[in-house]
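Visitor: Have a look at this prediction, sequence included:
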Amino acid sequence: MSDRKELSLKEIQSISLEILKAVTDVCEELGLRYCLIYGTLIGAVRHHGYIPWDDDVDIMMPRPDYDKLLEYLASHKLPNLSVFNRQTCPEYPYMISRISDDRYILEMENEKSVGMGIFIDVYPFDGLGVEKDESVKFGLKGDHLSSWCYQATRKHYAVETTKSPIKKILKFPVFLIAKIIGKDHFQNKLEKLGGAKDYDKCEYVGCVIWLSWGEKDMFQRKWFDETMKVPFEKYEFRVPKCYDEVLRHTYGDYMQLPPENQRAAHHYYKAFKK
């Protein structure tokens with residue numbers, strides 16, 4: 001692929017935006033709940049579009065709506081788009097779904113290629129529990145298993161975003177053990193957590209099958225009960241009406257720009273047109 005021109009960040013953002021529009025149009029048409037989440041939500045609130053250096057799009061969907069979306073997309077293929085998850089692609093390394101544009105291909109830095117193109121992330125949010133202690137305990141099971149599963153799918157050991165000196169020391173043996181056990185073991189365990197607790201009957205929710213930041217990745221369900229549309233680039237998309245509570249819970253002062261040396265994309269890939 002070295003003779004092909006690598007796509008720029010702006011081009012990746014533009015393509016991802018159109019995927020987001022196509023997917024959320026389906027959600028609106030079918031009455032499915034969704035909203036922007038994580039860095040995409042910060043971008044919507046702080047920049048009215050992408051964080052300038054961000055290279056992906058994240059949306060959350062309550063588990064019942066997520067399942068309905070996947071069921072719909074299984075029988076109604078959107079132009080140029082494919083669904084990547086464990087069910088559609090056994091080699092796929094994650095538990096969340098990605099909606100990918102077939103016209104592009106990614107070269108992954110530390111991950112086996114499964115034929116995926118430029119994508120958006122769709123996070124299914126499950127119930128975690130009614131009481132906080134119960135929810136944290138259940139959520140941390142997902143956090144722990146997600147970490148092992150991620151390491152099992154890396155081609156080689158890498159520090160990546162790990163900052164804690166202790167975690168850096170522990171990460172290498174975890175990587176070795178995870179590779180020996182294999183991703184399927186961890187994915188099977190994570191799959192049992194997904195949908196185990198009813199989203200609409202729990203006070204606390206989160207993406208238990210791919211939970212990354214401990215308690216910061218566990219939310220009060222009421223924060224997502226109402227949504228509103230806000231401008232994002234040239235379109236409008238739904239965000240939680242309680243976006244301030246959601247973002248402060250995870251990021252603290254999210255309106256403060258990070259230091260310049262931290263303004264970088266967090267995915268490790270190059271994108272090309274097929």
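Guide: Everything's here; your move. Numbers count the residues shown, from 1 in each chain.
Visitor: for stretch 193-201, which positions count as buried?
Guide: Neighbour counts over stretch 193-201 (16 or more other Cβ atoms under 10 Å) mark 193-195, 197, 199 as buried. C-betas here are computed from N, CA, C, even on glycine.
Visitor: Check what contacts the helix or strand bottoming out on mean pLDDT in the chain and list those residues.
Guide: When each helix and strand of the chain is scored by mean pLDDT, DSSP states H and E, helix 165-181 comes last, with a mean of 85. For helix 165-181, the external contacting residues (Cβ atoms under 8 Å, 6 or more residues apart in numbering) are 147-149, 151-152, 154, 157, 159, 162, 186.
Visitor: just to confirm, which helix or strand has D133 in it?
Guide: Here D133, judged by DSSP states H and E, is contained in helix 132-152.
Visitor: ok so, going back, what's the helix or strand that the least confident helix or strand of the chain is followed by packed up against?
Guide: Using DSSP H and E, the helix or strand that follows helix 165-181 towards the C-terminus is helix 183-193. With contacts taken as 3 or more Cβ pairs under 8 Å, 6 or more residues apart in numbering; DSSP states H and E, helix 183-193 sits against helix 132-152.
Visitor: chain center to the helix it packs on, what's the gap?
Guide: Distance of helix 132-152 from the chain centroid (Cα atoms, centre = their mean, to the nearest Å) equals 15 Å.
Visitor: For whichever strand or helix holds V230, buried residues please.
Guide: Counting by DSSP H and E, the element that carries V230 is strand 227-232. Neighbour-count burial for strand 227-232 flags 227, 230, 232 (criterion: 16+ other Cβ under 10 Å).
Visitor: What sits closest to the last one if chain neighbours are left out?
Guide: Of all residues beyond its chain neighbours, the one nearest F232 is A44 (4.9 Å), with distances taken as Cβ to Cβ, 6 or more residues apart in numbering.
Visitor: Contacts for stretch 254-271 next, please.
Guide: 6-7, 9, 11-12, 42, 45-46, 52-56, 104-111, 117-118, 160-161, 247-248.
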